[in-house]
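>>> what follows is a protein structure lacking sequence information:
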DNA sequence: CTGCTGCCTCACGTCGCGTGAGGGTCAAGT
DNA sequence: ACTTGACCCTCACGCGACGTGAGGCAGCAG
C-alpha cells in the first residue's frame, strides 16, 4: 500500500499544501500516519476522502458540514455518490434557470422593455440545496423557522444527535409522568412540561415562539406521524399535550 | 421614479441588509441618494446593477473584479449579458463533467475496481479557462490593445484559431532554432524573428507597436505562465526573447 | 409621550484559506 | 563528510465577504 506526502497529494488533487494542513488542523482530513520526523503520510483511503471533500466543497458546502456528512457512517459510499449526483443535478438546473433568465433579460432589452424589480431577482431565490428533504419543506415552506433549523442541524454531529435524543426521551417520560398522574393540561406541572418542550426546541432547532409552539401542538393532532409517537407513549397524550401547549402559550 | 430603502431592496433581491451596507462601504453599489436623515435610497438603476453583481457573484467572481467588470463602460449591457450567458454555460459544462465523474465512480465501485489517484481528481483540474481571461483583463484592463483584440478574436472560428496556432508554432520553432544556434539577442536573425513575432500579433490580435512589444517582452519574464511556455521550449529562451525584442525595438 | 419598527454607524467575530518567518529533514552531488 | 536545494514542519498574522450585536437616531401609531 503506497502512501503520499503532502506535496504529492497536493499535486494530484490540485489543492495547495496549506489547504491540506488546514483540513488536518480542523480534523476534516487527517493523514493515516506520520513519519518519525513528523511528516504527514496520506494513504489511499485519505485520497478517497479528499475526493469526497472536494466534491462537496465544489457544491458550496461549508467544511464543518462536509465533516458531518462524511462522518455519518449510517450513509454508505454508494449512497454518498447518489447524493452527490443529485446535488450536482440540482445545481445544474439552477444554473440553467439562471441562463434562461439571462436570455429573458436579453429579449427584454432588445425590445426595450424593462422588467419589474421582482422579476429581475426571481431566479436568485431558489436555494439550490432543496430537492433533498422537500417533503417537510412543502409543509413548512420557506418559513424562517425551517431555514434556521436547517442551518443549525446541518452542523450537528453524532454526539449532538445522541444528546438531543436523550433530552427528548427524558422530556417525553416527564410528560407521560405528569399525564398519567391525572394532572389537567392547564395545571402548573403540565404547563411546566410544555414550556420545557418549547425550550428544548428553541435550544436545538429554531427560536420557538409561543405562536409557533401552538402550531406545533395543532400538528401533533393533525399529522398522524406525530400523533402516533405520542399516542404510543400513552393513549390520549397527543390531545393532552396539545392542550397543555395552548394553556402554556396563553399564560405567557 | 420610485426609490427603495435598504430593507426593501434586501427583501426584493433576497440579500441581507448587511450585504448592501458592505457593497456600499467598498463602493461596489452605492445608493443613488440619501434622505436628509441619512437613510439610503436605492433607485431602479441601482437594482439593475445589483442584479448584475449577484449574477457574477453566483459565478464565483470576487467583488473587486465584479466592480472592475461593471465599471468598464466600454462594455455594452448587451455584451454583459452575452458574457454572463457564456460563463454560465461554461460552469454548467464543468458541473456536467463532475456528474459524469460521479457516475464513473459509481460504475467503478459496483465493479469493485479502484481508480488511480490521478483519475480520481481529473475533473477538478478543469479549472475553467475563463478565469485566466478575466485575469488578463485585470492587468491589461481597458487598454485599447486588449479591447481591439477582444473585438477581433470574437469573430474568429475554429479554422482561424488553428491557423494562428500553426503560425505560432512555426514562429516558436524558428525562435528555438536561432536561439539554440547561439545567436546573440541583438543579432540580425534574432531581431528578424522578434519582428516576425510582432507582425504576427499585429496581424491577428491588435496593432502591436514597438512600445507594446517591449511591454510584452517584459511580461514574458514577469508572468510565470508565459515564462513557463518559453522556458519549456528551451531553457533561457524567455530571457533571450525578451532581449531580442528590446534590440529589435531599439533598431526601429 | 411612549412604544415599535426600521435605519444608521462602529466594531469585533467567522470561515477558508494565503503568505511568510523560522527552522528541521533528506537524498544527491562534490 | 559536507553542502545544497527541495521538501517538510509549526506558528501566526492577513484577507475577503460578510454575520452579529451594541448603541443610538427617525418616524409613525396609539
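Ah, there it is. Remember, predicted model here, so these are calculated numbers, not experimental data.
>>> ok, which stretches of chain A are strands?
Remark: strands assigned in chain A by DSSP state E are A:33-34, A:40-41.
>>> out of those, the one nearest residue B:178 is which?
Set against residue B:178 and scored by CB to CB, the strands of chain A come closest in strand A:40-41, at 47.1 Å. (C-beta placed from N, C-alpha, C; glycine too.)
>>> and that closest one with DNA strand C, contact?
No - counting by CB under 7 Å from any atom of the strand, DNA strand C has no neighbours in strand A:40-41; the shortest distance is 11.0 Å.
>>> now for that strand, which elements pack on it?
Other elements packing on strand A:40-41 under the criterion 3 or more CB pairs under 8 Å, 6 or more residues apart in numbering or on different chains; DSSP states H and E are strand A:33-34.
>>> for residue A:191, see how far away residue A:202 is.
To residue A:191, residue A:202 is 16 Å away according to CB to CB, to the nearest Å.
>>> and the two? which has more neighbours close in?
residue A:191 (23 against 14; other CB atoms under 10 Å in any protein chain shown).
>>> mind checking pLDDT for that one?
Listed pLDDT for residue A:191 reads 88.
>>> tell me the contacts of it?
Residues in contact with residue A:191 (CB atoms under 8 Å, 6 or more residues apart in numbering or on different chains) are A:244, A:247-248, A:251.
>>> buried only: go through the residues you listed for me.
For the contacts of residue A:191, a burial check counting by 16 or more other CB atoms under 10 Å in any protein chain shown picks out A:244, A:247-248.
>>> distance to residue A:183 added to these, as a markdown table?
Below are these laid out as a markdown table (distance: CB to CB, whole Å):
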| residue | distance to residue A:183 |
| --- | --- |
| A:244 | 9 |
| A:247 | 11 |
| A:248 | 13 |
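>>> which one of these is nearest to residue A:35?
residue A:248 (61.2 Å).
>>> next, the contact list for that closest one, please.
Counting by CB under 8 Å, 6+ apart, residue A:248 touches A:190-191, A:194-195, A:198, A:210, A:213.
>>> do the same with residue A:66
Residue A:66 neighbours (CB under 8 Å, 6+ apart): A:28, A:52-53, A:56-57.
>>> repeat that with 7 Å
A:28, A:53, A:56-57 (CB atoms under 7 Å, 6 or more residues apart in numbering or on different chains).
>>> can you tell me how far it is from residue A:90?
Residue A:66 is 17 Å from residue A:90, by CB to CB.
>>> coming back round to it: compare the contacts of residue A:66 and tell me which has the most neighbours.
residue A:53 (22 neighbours).
>>> residues from chain A in reach of DNA strand D?
So chain A meets DNA strand D at A:5-8, A:10, A:17-18, A:21, A:38-40 (CB under 7 Å from any atom of the strand).
>>> JSON lines for those residues, including pLDDT and neighbour count?
Listed next are the residues of chain A next to DNA strand D as JSON lines, based on pLDDT from 0 to 100; neighbours: other CB atoms under 10 Å in any protein chain shown:
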{"residue": "A:5", "pLDDT": "96", "neighbour count": "16"}
{"residue": "A:6", "pLDDT": "97", "neighbour count": "19"}
{"residue": "A:7", "pLDDT": "95", "neighbour count": "12"}
{"residue": "A:8", "pLDDT": "95", "neighbour count": "14"}
{"residue": "A:10", "pLDDT": "94", "neighbour count": "18"}
{"residue": "A:17", "pLDDT": "97", "neighbour count": "14"}
{"residue": "A:18", "pLDDT": "97", "neighbour count": "10"}
{"residue": "A:21", "pLDDT": "98", "neighbour count": "13"}
{"residue": "A:38", "pLDDT": "93", "neighbour count": "6"}
{"residue": "A:39", "pLDDT": "97", "neighbour count": "12"}
{"residue": "A:40", "pLDDT": "97", "neighbour count": "21"}
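>>> wait, which of those is closest to residue A:238?
Using CB to CB, the residues of chain A next to DNA strand D come closest to residue A:238 at residue A:21, 52.8 Å.
>>> can you tell me the closest non-neighbouring residue to that closest one?
Of all residues not flanking residue A:21 in the chain, residue A:6 sits nearest, at 7.3 Å (CB to CB, 6 or more residues apart in numbering or on different chains).
>>> so that neighbour touches residue A:35, yeah?
No - using CB atoms under 7 Å, residue A:6 is not in contact with residue A:35; the gap is 11.4 Å.
>>> just the helices in chain A please.
A:6-13, A:17-25, A:44-58, A:63-71, A:77-111, A:117-121, A:134-140, A:144-153, A:158-180, A:188-204, A:210-222, A:224-233, A:237-250 (DSSP state H).
>>> angle of the last one against helix A:158-180?
Okay, so that is helix A:237-250. Calculated by axes from the mean of the first three to the mean of the last three CA atoms, to 10 degrees, helix A:237-250 forms an angle of 90 degrees with helix A:158-180.
>>> list the buried residues of helix A:237-250.
With the criterion 16+ other CB under 10 Å, helix A:237-250 contains buried residues A:237-249.
>>> tell me the one of these nearest DNA strand D?
The closest of the buried residues of helix A:237-250 to DNA strand D turns out to be residue A:249 (CB to the nearest atom of the strand; 23.5 Å).
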